[in-house]
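Colleague: just need the structure, nothing else, for what follows:
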Amino acid sequence: MQQRYEEIKLPSELARQSGLEILRVGVVEHDLQVVLKTCFDKPADWGAAAVQILQYAAKIYERETGMAAEDAYGKMVEMFMQMVMKPVEGAIGQRMGDN
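Modeller: Here you go, the predicted structure:
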């Protein structure tokens, strides 16, 4: 029996606001899949977004596991630094809206 792709539901307070989804990430058969909009004028802005994503993830780890956010963030940054210069493996996903 094949399982369906499980999406994260948008919190209701965000659904009531105007906004733009720029990034969707999922794991399919143990591979990370990324779909995004190139919405920033400068590629460097994606670096700032990556930092914010890791900071939010660290806070969520703290809330859900009890691990201190600083410890979780440190582990994330450590792995980021190990992988930052490695080439992306697999196919490049399509941009959102390119169907």
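
Colleague: quick one: secondary structure of the residue nearest the centre of the chain?
Modeller: Centroid-nearest residue in the chain: Val25, 5.4 Å away (criterion: C-alpha atoms, centre = their mean). Put simply, Val25 is strand when judged by DSSP: H, G, I helix; E, B strand; the rest coil.

Colleague: my guess is it meets Leu32, correct?
Modeller: Yes - Val25 is within contact range of Leu32, at 6.6 Å (criterion: C-beta atoms under 8 Å). Just so you know, the C-beta spots here come from the backbone N, C-alpha and C atoms, and that holds for glycine as well.

Colleague: excluding chain neighbours, what is closest to the residue nearest to the centre of the chain?
Modeller: What sits nearest to Val25 in space, not counting adjacent residues and going by C-beta to C-beta, 6 or more residues apart in numbering, is Val34, at 5.3 Å.

Colleague: C-terminal to the helix or strand hosting the one you found, what's the next element?
Modeller: Element membership for Val34 (DSSP states H and E) is strand 31-36. Sequence-wise, the next helix or strand downstream of strand 31-36 (DSSP H and E) is helix 44-65.

Colleague: flag every buried residue along that following helix.
Modeller: The neighbour-count check on helix 44-65 (16 or more other C-beta atoms under 10 Å) flags Trp46, Leu54, Ala58, Tyr61, Glu62 as buried.

Colleague: measure Met83 to Thr38 for me?
Modeller: Going from Met83 to Thr38 by C-beta to C-beta, to the nearest Å gives 22 Å.

Colleague: excluding chain neighbours, give the residue nearest to Trp46 in space.
Modeller: Phe40 (6.2 Å).

Colleague: shouldn't the one you found be in contact with Ala50?
Modeller: No - using C-beta under 8 Å, Phe40 is not in contact with Ala50, being 11.5 Å away.

Colleague: give me the low-pLDDT residue ranges for the chain?
Modeller: 1-2, 90-99 (pLDDT under 70).

Colleague: again, 90 this time
Modeller: Where the chain drops to pLDDT under 90, the residues are 1-5, 9-16, 19-21, 27-36, 38, 83-99.

Colleague: sorry, back to before: just give me the closest of the buried residues of helix 44-65 to Glu6.
Modeller: Of all the buried residues of helix 44-65, Glu6 sits closest to Tyr61, with 19.4 Å by C-beta to C-beta.
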